[in-house]
Each structure stands twice: as structure tokens, then as C-alpha cells.
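Colleague: Next input, structure requested:
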Amino acid sequence: MSLGDLYAAPHVERGNGFAMQATTHWLRMVPGRTLFGLKAGGLRVEIPDLPDGVRHYGIEAVDNGHRFALLDVSSHWLSEHPEATDRYLANLRPIVGSKAARLEGFAKHAAVNGSIELFLGPEFDRVPLELDTDDGSYEVARDLLTHAPRQGRTAFAMPRGVGSSKYDTPDFFAGAQSWIDGERLLVEFAPEEGGRQETIAVDRGELLGALERCWKAMTRVAEKLRHGLHELTEPR
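Modeller: Purely as a prediction, here's the structure:
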């Protein structure tokens, strides 16, 4: 279960059988060169103080010897406290702009984009929700939840590309597979503690409302980050 990764109640959208939250990714370690540029490693970022219940540790990884680490922060809380983002940007900007920084790939994308976290079932298992700000997936998902027929089943997935086969597995937005079925969204997922795949039904209208509110909070903070970190959005 991922109950410990849920933010405090005011910053989480809850529905019958699910919880959803908007997350902004703060870099607590920037990929870069250390020991006077002789060694690949990571450059630490001083993180401003945050209250309990609005953060949890995110991904920490190594790419070509360069280390990066994220702190996941509630976008909802940040949208109400823009001064926290200002303090974070003041600490991050000189590091990102240094010659030692090697910020690229996923770490660069995460620094100026957020994500929507989805938790399902009584144990609040974390379930992948594949929505991105750059590929139109949110707009497609929102349109499906709003307009998909109430009769029959519709794949909750990106449309198949040109040249794809009707037998290809859809690129589902949620879990292992997800289908709109009348007023419900059915999501199949693997429990975090192992065992058989489970399927849970959630109200599509409830999920749509939660998604719209989370997306609004997440993109509002992301726009502030992009504006404050032009070093990441312009070629170096």
C-alpha cells in the first residue's frame, strides 16, 4: 500500500474507491560533475522547509553515473503558497545554471512538469496513470470520461496511431488496462504487495472532477517553474 505517500486530507481528492493528488517534482539532487568536474555524481539542492503532510520522497536514480533525486510536493499546497516555489527556485537556479550541472532526459522533464498520482482500493495501492503535459493525453482522457458512450465499453486509452493493427494492445491510461463501462471506469492493476491482478470500478464522473482539479493545480505550478527556470526550457 502507498497510504504513507498520500498528502494531508485538504490536498487529496477522494472518491468512492480511489484517491488522487497533484504532484510537483522538486529536485533535491541535480545530475552533475563533482570533484572539480572529474567525477560523475549529483549536486545537492537545499530544500526549503515544508510542513508535514505535503511531501514525500520521489524517484532517486543514476543515469550514466550522474545521480538525481526528487522530492514530491503537493501541487495543491504549492498553488496556495507560491512563496515556497520562489524559495525553491532561488536555491535551484544557480545550481542548474552552473557548468557542473548535467540536467537532461527524465530529470530535466520532471523538474518543470508535474504528475497526477492515482491510488485505488481499500489499501490505496498506487496505480500508474500515464498522462503527460506534452502529448495531449490529458485532453484525450478528459474527453473520453466526458463523452464516451454510456452503452458498451470504451478503452480508456490513447487512440491507435497510423499503421497500427486493430489487434494491438491499447495504450491504456490507468493500470494494466482500463475501460469506460457506462457510468463506471474499470481499472485492472497489480496490488503493491503482490498477488493476482485486481479490478476496481470507480465512478467516471467523480474521477473526472478529481482529475480536472488536480490537473489545474499541477499545471499552474508547472508554469511558474518553467517561467522561473528558463535554463531548462531553452537550449544550452
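
Colleague: so residue 27 makes contact with residue 111?
Modeller: Yes: Residue 27 lies in contact with residue 111 (CB atoms under 8 Å); the separation is 5.3 Å. Every residue, glycine included, has its C-beta placed from N, CA and C.

Colleague: Of these two, give the one with the bigger neighbour count.
Modeller: Taking other CB atoms under 10 Å, residue 27 and residue 111 do not tie; residue 27 has more neighbours (28 against 24).

Colleague: Next up, the contacts around that one.
Modeller: By CB atoms under 8 Å, 6 or more residues apart in numbering, residue 27 lies in contact with 45, 68, 69, 70, 71, 92, 103, 107, 110, 111.

Colleague: Filter those residues down to the ones in helices?
Modeller: Judged by DSSP state H, the contacts of residue 27 include 92, 107, 110, 111 as members of helices.

Colleague: Run a quick neighbour tally on the second one.
Modeller: When you say that, I think you mean residue 107. By other CB under 10 Å, neighbour count at residue 107 equals 24.

Colleague: which one is it nearest to, not counting chain neighbours?
Modeller: Closest residue in space to residue 107, ignoring its immediate chain neighbours: residue 68 at 4.2 Å, by CB to CB, 6 or more residues apart in numbering.

Colleague: circling back: format the ones in helices among the contacts of residue 27 as JSON lines; extra columns: distance to residue 230.
Modeller: As requested, these are exported to JSON lines (distance: CB to CB, whole Å):
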{"residue": "92", "distance to residue 230": "13"}
{"residue": "107", "distance to residue 230": "17"}
{"residue": "110", "distance to residue 230": "17"}
{"residue": "111", "distance to residue 230": "12"}
